[in-house]
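Provided below are the primary sequence and the corresponding predicted coordinates.
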Amino acid sequence: MKLLITGGAGFMGSNFIKHIFKNHPNWQVVNLDKLTYAGNLDNLKEVGDSPNYFFVRGDIANKEDVKAAIGQGVDKIINFAAETHVDRSILEPDAFIKTDIFGTYTLLEAARENNVAQYIQISTDEVFGSIKNGSFSESSPFAPNSPYSASKAGADHLCRAYFKTYNLPVIVTHSCNFYGPSQYPEKLIPLFITNLLENKKVPVYGEGNQMREWIFTEDYCRAIDLIIERGQVGEIYNIGTGYEKQNIEITKFILAELGFDESMIEYVKDRPAHDFRYSINCEKLRGLGWKSEIPWDEGLRRTIKWYQENEWWWKKLKSGEYLDYYKKQYQSR
Ligand code: NAD
Ligand code: DAU
């Protein structure tokens, strides 16, 4: 089997490539990645020399780049590539529209031209918007509230249209929030851990009462692996765990683990259009034989430990462009 994995130098894409080489040593992987600020080849050091691994630096929104990657003959495409950070989408939506919508369109067209056997779209629970009670199902209506989630929703609609119109073998997956080692330190969990490791305060938006559902890297990679093998084309699969946590609860857990008290919390102005709660029903995926195996606390402790032991990885990321982004983000609120 030869997979084209896009965005394979990012957080979950790189974890997934490592998962593939561990669990399917005979499979081949072509990784097409633009190497934006979020792409990091340090994430792939351990697979870089494998004869089954091919790296193409390129843009999923560029037809020629996609051709160069797919032209090597691939069976299946898994589209992880995206602009992913909600706060950045509020500041500068442009790249989100280009990559998340036009990039997905470019890949779908290439998949069609090359008769790929399966195209898996990696999407998010954020397309459904916020939910007060209960959980989103695969057929819940889309109600995206940020430029990021609107771009992902647009891409998901294109996937559906390519299945309906051209019979392209598409599967769409909607997942809850990822966490684990090597997540770029702009997202809640790695930002708070690394700030505290640098003796800096942690910026909680609003009162910190918002809720997210969380999945650890290993559980997520097993879910996508299963969908590659057993997912039905034209179907949608939600990926969730039931581990729903308030931001403030996560913050206090990290503070306690690292030996700090609540004086390290800085309550800052809220994110515009901040979704209050996400929750996803993943019975359909369970029906394929998947369940989450990593308990929430264990995943978070493992994540904290990884950042403690891998300062070399994150320290250099928290400078330059990163600091410009933070300055802009706080000025704009
Ligand atoms: P990330 O931000 O860590 O990495 C994104 C990767 O995509 C980077 O390697 C980047 O270089 C690459 N990329 C960006 N634009 C590109 C382009 N135009 N062409 C080629 N490569 C490009 O991503 P992540 O947080 O691991 O998310 C991966 C996927 O999962 C995304 O599609 C995201 O929407 C989805 N998702 C993320 C979460 C989460 O909690 N992070 C939850 C659900 C779904
Ligand atoms: O739900 C899936 C989505 O999860 C993915 O599709 C996105 O790509 C991913 O970025 C993530 O979006 P969130 O907005 O939920 O993640 P983030 O880590 O940015 O924020 C998590 C929560 O923490 C959210 O309620 C905002 C809050 N927060 C975040 C940051 C960065 C803070 O209070 N302070 C912060 O500094």
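On my side now, so go ahead. Ligands and ions are numbered 1, 2, ... in the order given.

Quick check: residues of the stretch 1-150 of the chain near ligand 2?
Neighbours of ligand 2 within the stretch 1-150 of the chain, by CB under 6 Å from any ligand atom: Thr84, His85, Val86, Thr124, Asp125, Glu126. (Each C-beta comes from the backbone N, C-alpha and C, glycine too.)

Determine which two of those are furthest apart.
When CB to CB is used, the two most widely separated members of those are His85 and Asp125, lying 15.7 Å apart.

These two: who's more crowded?
Asp125 (26 against 19; other CB atoms under 10 Å).

Could you give the bridge partners of Tyr53?
Beta bridges link Tyr53 to Val29 when assigned by DSSP bridges.

I'd say it and Lys18 touch.
No: shown here, Tyr53 and Lys18 do not form a contact pair, counting by CB atoms under 8 Å, at 10.4 Å.

before we move on, back to that, in strands only, show me the residues of the stretch 1-150 of the chain next to ligand 2.
Among these, DSSP state E puts Thr124 in strands.

And the residues of the stretch 1-150 of the chain next to ligand 2, which is closest to Tyr37?
His85 (9.5 Å).

gap between the residue nearest to that closest one when sequence neighbours are not counted and Arg88?
In space, and not counting its chain neighbours, His85 is closest to Glu186: 5.6 Å by CB to CB, 6 or more residues apart in numbering. Going from Glu186 to Arg88 by CB to CB, to the nearest Å gives 8 Å.

burial measure for the closest residue to ligand 2 within the stretch 51-200 of the chain, as a count.
Taking CB to the nearest ligand atom as the measure, the point where the stretch 51-200 of the chain comes nearest ligand 2 is Thr124, at 3.1 Å. Applying other CB under 10 Å, we find 24 other residues in the vicinity of Thr124.

pretty sure it is touching Ser149, no?
Yes: look at Thr124 against Ser149 with CB under 8 Å: they come within range, at 6.8 Å.

Where do the strands of the stretch 201-333 of the chain begin and end?
Taking DSSP state E, counting those that start in this stretch, the strands of the stretch 201-333 of the chain run over residues 202-205, 211-216, 236-239, 244-246, 265-268.

Output the first one as CSV, nothing but the C-alphas.
Listed in CSV are the C-alpha atoms of strand 202-205, where the atom choice follows Å, rounded to 0.1, in the frame of the first residue of the first chain:
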residue,chain,number,x,y,z
VAL,A,202,-0.8,31.2,31.3
PRO,A,203,-3.5,33.2,29.4
VAL,A,204,-6.9,31.8,30.1
TYR,A,205,-9.6,33.3,27.7
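
That strand: partners in the sheet, and parallel or antiparallel?
In the sheet, strand 202-205 lines up with strand 265-268 (parallel) (DSSP bridges).

hmm, who's touching the partner strand?
Lys201, Val202, Pro203, Val204, Tyr205, Gly206, Glu207, Gly208, Thr251, Leu255, Tyr330, Arg333 (CB atoms under 8 Å, 6 or more residues apart in numbering).

give me that answer again for 10 Å
Strand 265-268 has contacts (CB atoms under 10 Å, 6 or more residues apart in numbering) with 192, 195, 200-208, 248, 251-252, 255, 329-330, 333.

Same question for stretch 292-300.
179-181, 189, 193, 213-220, 222-223, 239-245, 250, 253-254, 257, 282, 286, 301-302.
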